[in-house]
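Trainee: Sequence first, then the predicted structure:
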Amino acid sequence: MRPSRWLFAVALALPLFASAQPLHPLTGTLHEVHVGPGQQSDPHVSGTFVAYTHGDGATSEIRFHDLATGANAAIPNFGANDLLSDIWDQQIVFTRTTPERSALFRYDISSGAPAVEVAPTPDANRRAAAIGGGTIAWMDHGLLMGVPEIVVLEAGAVTPVRLTQDLAVDRDPAVSPDGRVVVWVRCESAGACELMEAVRGPGGWATQSLGTVEADARPDTDGTHIVYTAERQQADADLYWQPVGGGEERRLVLEGSQHNANVSRGVVAFEHAAPETPANADILIFDLTTGILYQLTDTPERESLSDLYVAEDGAIRVVWSAPGVDGLDVLAMTLTELSEAPIPEEPEDPPTGPEETSCENPGARPLLLELTIEKERCNRRVHTTFEASAGGGLLCIENGKPGKKSKRASAGWVDLNGEEVVGPHDFGKKVSHIERDVTLLEGENLFEGKVRSHPHSRIHVRIYGPDAGGGGSGAPGEDDAIGKGRWKRVFHGRPGWVERVSEHAMGCSSSGNTQAGAAMMLIILALLITNGPTRRDRVRVRVRSGRGRRR
């Protein structure tokens with residue numbers, strides 16, 4: 001396998017959005033932690049040591065590997081099955097199963113002494129232990145009707161402390177490196193899940209919910225940040241993060257799905273499956289401080305179950321599982337640092353043609369179309385047509401104008417002749433202007449636009465052509481924006497007119513009377529095509545022609 005030597009840069013524009021920027025180089029040293037027969041999976045790293053599960057189909061054991069020396073050894077299990085490990089410093093915790101019980105054990109690499117059980121109990125039914133700062137957290141199935149609860153044992157303590165006591169399913173705990181913060185997912189029987197946090201203070205552990213997530217959010221924390229994945233309203237899961245204690249939630253917008261995020265000193269490793277290859281996944285690294293996204297692996301296979309450790313000197317060690325010749329292998333990479341310097345731009349050839357134009361200086365370009373789209377109570381898709389001479393054009397969007405009370409749109413679309421020119425990732429509350437060169441202009445053109453954001457969000461759109469062409473086809477009017485009232489559809493019998501549909505006929509929601517609403521719309525359109533819109537029902541779209549006059 002050849003890890004990719006490239007990274008993607010991402011500039012944070014919003015609490016919930018980021019936009020792609022140019023590539024940056026990435027270099028590192030690849031380590032073969034365990035390559036060979038059997039299944040090697042679930043690796044975790046702390047310092048230079050990696051702990052992972054090795055199985056041959058009949059039994060499983062926990063092994064550890066020193067990235068500095070290459071030494072590799074197994075923790076003796078005396079015929080039991082060991083799995084699901086975690087590591088902090090040189091302390092490894094794991095689940096040991098026998099036909100009678102499922103208990104947690106701790107192993108000290110530095111001493112080499114036999115592993116000892118954590119808070120022994122005869123009828124133990126525990127698993128999924130996590131460790132940080134000497135504090136151990138786990139899922140305990142032996143306390144309340146088999147429903148897992150989150151339990152912690154602080155460093156130096158003898159008696160465990162229950163963080164939960166209810167019939168909800170509490171799962172996937174993670175502990176910060178200082179042992180002060182524990183995060184996990186709590187799911188009700190109805191399926192609704194929450195991101196949970198417990199912070200240790202002078203008075204004990206304080207627990208709170210930090211928002212809704214899916215069951216497979218798999219949160220992690222470095223004591224400052226909490227990272228996790230969630231779908232929210234997207235089709236696929238994205239990477240989210242927020243500060244310990246609660247606060248502003250941020251989202252990394254990236255096509256495809258993201259899973260299994262882990263964080264150390266503000267650097268996150270996670271799995272990314274591109275939309276064109278959903279069965280495969282690569283390991284990406286995201287720096288929460290600089291906002292730069294790095295691609296660690298780039299293979300046609302599925303890398304999974306990654307973890308990382310960031311040392312005080314900035315060295316980063318990442319571990320993951322990857323398909324091998326006979327099962328899964330464990331690989332690692334050591335990075336000395338993450339590049340922050342931008343790639344030098346290649347010198348451009350001096351201009352030889354006419355002076356370059358822009359939205360601030362359109363020059364002699366004719367104005368073909370000008371309109372404003374406003375979001376009221378529903379998300380509006382606006383259609384209109386305009387004429388132009390075939391060739392290249394210029395699309396200009398002012399986000400949040402005109403109007404003092406208007407807000408900037410956090411998402412939206414602009415399509416020309418069925419092709420997306422501006423998408424939701426281009427918008428944001430800190431984005432005031434968007435400029436695009438377009439090569440899609442024809443003699444007759446279809447414009448479609450939509451604002452998806454808070455009410456009164458609006459965008460002002462201008463389209464310039466290469467040559468003098470026909471103006472916009474919409475009729476002018478006194479309204480400054482599209483979207484006043486409850487507009488549902490553009491009536492193409494008279495280009496530029498927007499039909500107003502009664503609120504009782506069609507609402508914002510798509511549930512309930514969808515078929516009835518669609519049937520009613522067809523009836524309304526049939527009547528309009530026959531008789532044309534009445535003066536009372538029509539509203540003008542503000543459109544300016546390429547000749548600079550209002551029509």
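Mentor: Here it is on my side, so go on.

Trainee: Tell me where the protein has helices.
Mentor: Ranges of helices within the chain are 514-531, based on DSSP state H.

Trainee: So which residue is smack in the middle of it?
Mentor: For the chain, Asp238 is the residue whose C-alpha lies nearest the centre (C-alpha atoms, centre = their mean; 2.4 Å).

Trainee: and it, what are its bridge partners?
Mentor: Here Asp238 sits in beta bridges with Ala230, as judged by DSSP bridges.

Trainee: That one reaches Leu254, doesn't it?
Mentor: Yes - A contact is recorded between Asp238 and Leu254 when judged using C-beta atoms under 8 Å, the distance being 6.6 Å. Placement of C-beta: from N, CA and C, glycine included.

Trainee: chain center to stretch 127-145: distance?
Mentor: What separates the centre of stretch 127-145 from the centre of its chain is 28 Å, taken as C-alpha atoms, centre = their mean, to the nearest Å.

Trainee: Pull out the buried positions in that stretch.
Mentor: Of all the residues in stretch 127-145, those buried under the rule 16 or more other C-beta atoms under 10 Å are 127-142.

Trainee: Out of the residues you listed, name the ones that lie in strands.
Mentor: 127-132, 135-142 (DSSP state E).

Trainee: Quick one: low-confidence residue ranges for the protein.
Mentor: 1-26, 233, 339-356, 376-380, 401-406, 467-551 (pLDDT under 70).

Trainee: about what we covered before: closest one to Cys187 out of the buried residues of stretch 127-145, please.
Mentor: When the buried residues of stretch 127-145 are compared for distance to Cys187 (C-beta to C-beta), Met139 comes out closest, at 12.3 Å.

Trainee: Tell me what the closest one is bridged to.
Mentor: Under DSSP bridges, the residues paired with Met139 across the bridge are Arg127, Ile150.

Trainee: Go ahead and confirm it touches Ala174.
Mentor: No - applying C-beta under 8 Å as the test, Met139 and Ala174 come out as separate, 11.7 Å apart.

Trainee: Asp108: neighbour count?
Mentor: Neighbourhood size, Asp108 [other C-beta atoms under 10 Å]: 14.

Trainee: Could you pull out the strands in the stretch 251-400 of the chain for me?
Mentor: In the stretch 251-400 of the chain, strands defined by DSSP state E, counting those that start in this stretch lie at 257-264, 267-273, 282-287, 292-295, 304-310, 316-324, 327-335, 367-375, 380-387, 391-399, listed in chain order.

Trainee: would you turn these into JSON lines with distance to Pro219?
Mentor: Supplementary listing: those in JSON lines, determined by distance: least, C-beta to C-beta, whole Å:
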{"stretch": "strand 257-264", "distance to Pro219": "8"}
{"stretch": "strand 267-273", "distance to Pro219": "12"}
{"stretch": "strand 282-287", "distance to Pro219": "15"}
{"stretch": "strand 292-295", "distance to Pro219": "20"}
{"stretch": "strand 304-310", "distance to Pro219": "14"}
{"stretch": "strand 316-324", "distance to Pro219": "19"}
{"stretch": "strand 327-335", "distance to Pro219": "23"}
{"stretch": "strand 367-375", "distance to Pro219": "33"}
{"stretch": "strand 380-387", "distance to Pro219": "36"}
{"stretch": "strand 391-399", "distance to Pro219": "33"}
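
Trainee: what's the closest of those to Gly443?
Mentor: Here strand 380-387 is closest among the strands of the stretch 251-400 of the chain (C-beta to C-beta), at 6.4 Å.
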